[in-house]
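pasting the sequence and the predicted model now:
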Amino acid sequence: MEHEFTAQILEVLKKAFGDRGDFVFEKSPLLQYLNIKTRSASKGSKSRGSFANLYAIYVLVEDYLKHGFDGKKGYNKYEGARFTALLDRQRELPFGSKLQNHALNHRLNEEFRKYFPEIEYIPILRDIRENRYWFNENLLKIKVGTRTHNIAQATIEIIDHYVQAKVIAFQSFIETCERLKAISDENDLAVSQFIEGLLAPNADARIFEIVSYAILRFYYHDQIVYFGFDLAHIKSENLQLFKTGRTNANDGGIDFVMRPLGRFFQVTETLDVKKYFLDIDKIDRFPISFVVKSMDDGDTIRQRLHEGAQRLYSINAIVEKYMACIEEIINIPILINCFRTSWAQGYLRQILDEIILQSKVEFNYENVG
């Protein structure tokens, strides 16, 4: 697989290994894995960064280099790096302050096996009892002809280049937001065009979710419902939309929750019926409104889901039970209409402020440097 960042990987390898760089790339499962994980480098701030697994590689290879094992033998006798030191180092890196232990403990190895089931080596070796970690040196030593090349330093440089590309892309995005925030009222059209541009079908799922939340929060917040236990004690409440966590969190399929109605919202970019029904099952078939990154109208989306459900289940009673749980489908045109309504009501700047705030939280922007 080749993409725009592949050229930078090959350039690092050419600098390190000369004419043998291409052969090193072809023979190295680790470099092939890095190539897969860095395909978002040229896609700007709106693409998922894959930092967790890359940083698990980075900190272990960095530890390997720090002790000079790329130029000497004896790594098999090394006591290993402490888990706490590795996790602390991950969180010092750009976009890394919120990273957890999963990549170091199992996710990197699991994903590597998925991509390279025929390779007998896994990247991370660990002693669970002592909480000591090593990087599998077999993946760092690549034999080309009669020569063996150590790719540890090249691995660090490749990840550094990738991270820098993501830092520049996201800083550019935030700077654009901040610049638009400062535009005077007569330039609201430019601000609105920018926000609507973030709802494009090719936008990354996280950016789409952030912008969707900001728009819907201000679209709903002036709407009033009336609640009470009896007619003598009815009170009015504004609808409030809450974001349940980070956009890639494992939160059971709930992205937004609305008070006081108790409506659930799930943001998705797929029309795979299994994904919709899985989200419904996660909350015991409670109705969900789906915010869909699609220009198709709601009836078309619902029909495609219904057809997919019939192929999957064939039993009408099951299909209809699931379809009844799809409370509302909010597509890109509906989001744009909600945005324009909120803009007309005077909430353009508040929506932009919310996008900036949520983006900084999602991408740990305050910790980038």
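Everything's here; your move. Residues are numbered from 1 along each chain as shown.

contacts and neighbour counts: CA atoms only from here.
OK.

now I207: how far from P201?
11 Å (Cα to Cα, to the nearest Å).

again with I332
In terms of Cα to Cα, I332 sits 8 Å off from P201.

equivalent analysis for F170, please.
Going from F170 to P201 by Cα to Cα gives 19 Å.

again with N337
For N337, the distance to P201 - Cα to Cα - is 16 Å.

and for E178?
From E178 over to P201 (counting by Cα to Cα), the distance is 24 Å.

again, but for S192
Going from S192 to P201 by Cα to Cα gives 17 Å.

between the two, which is the more surrounded one?
S192 (19 against 15; other Cα atoms under 10 Å).

wait, that one sits on Y347?
No: judged on Cα atoms under 8 Å, S192 makes no contact with Y347 at a distance of 10.9 Å.

can you give me the buried ones in stretch 178-195?
By neighbour count on 16 or more other Cα atoms under 10 Å, the buried set for stretch 178-195 is L180, K181, D188, V191, S192, I195.

what helix or strand is the third one on?
With elements taken from DSSP states H and E, the one containing D188 is helix 188-197.

pLDDT weak spots in this protein?
By pLDDT under 70, the low-scoring segments of the chain are 40-49, 184-186, 204-205, 246-253, 363-369.

hang on, T176 in a strand?
No: applying DSSP: H, G, I helix; E, B strand; the rest coil, one finds T176 to be helix, outside a strand.

tell me how many other residues crowd it.
For T176, using other Cα under 10 Å, the count is 15.

the helices in the stretch 1-150 of the chain, which residues?
6-17, 21-27, 29-37, 51-66, 83-92, 102, 108-115 (DSSP state H, counting those that start in this stretch).

for the stretch 151-300 of the chain, same thing?
152-182, 188-197, 205-220, 273-282, 298-313.

which of those helices sits most buried?
With neighbours defined by mean count of other Cα atoms under 10 Å, none of the helices of the stretch 151-300 of the chain is more surrounded on average than helix 205-220, at a mean of 23.

separation between the residue nearest to Y226 when sequence neighbours are not counted and G228?
Nearest non-adjacent residue to Y226, counting by Cα to Cα, 6 or more residues apart in numbering: S236, 4.5 Å away. As judged by Cα to Cα, S236 and G228 stand 9 Å apart.

ditto for G245
In this view, G245 and G228 are 30 Å apart by Cα to Cα.

with neighbour numbers in mind, choose between these two.
G245 (14 against 10).

my understanding was that the more buried one contacts V257; is that so?
No: G245 is beyond contact range of V257, at 10.6 Å (criterion: Cα under 8 Å).

overlap in contacts, those two.
In terms of Cα atoms under 8 Å, 6 or more residues apart in numbering, G245 and V257 are not both contacted by any residue.

comparing the helices of the stretch 1-150 of the chain, which comes out most buried?
Stretch with highest mean neighbour count among those: helix 51-66 (a mean of 21; mean count of other Cα under 10 Å).

no more questions from me, cheers.
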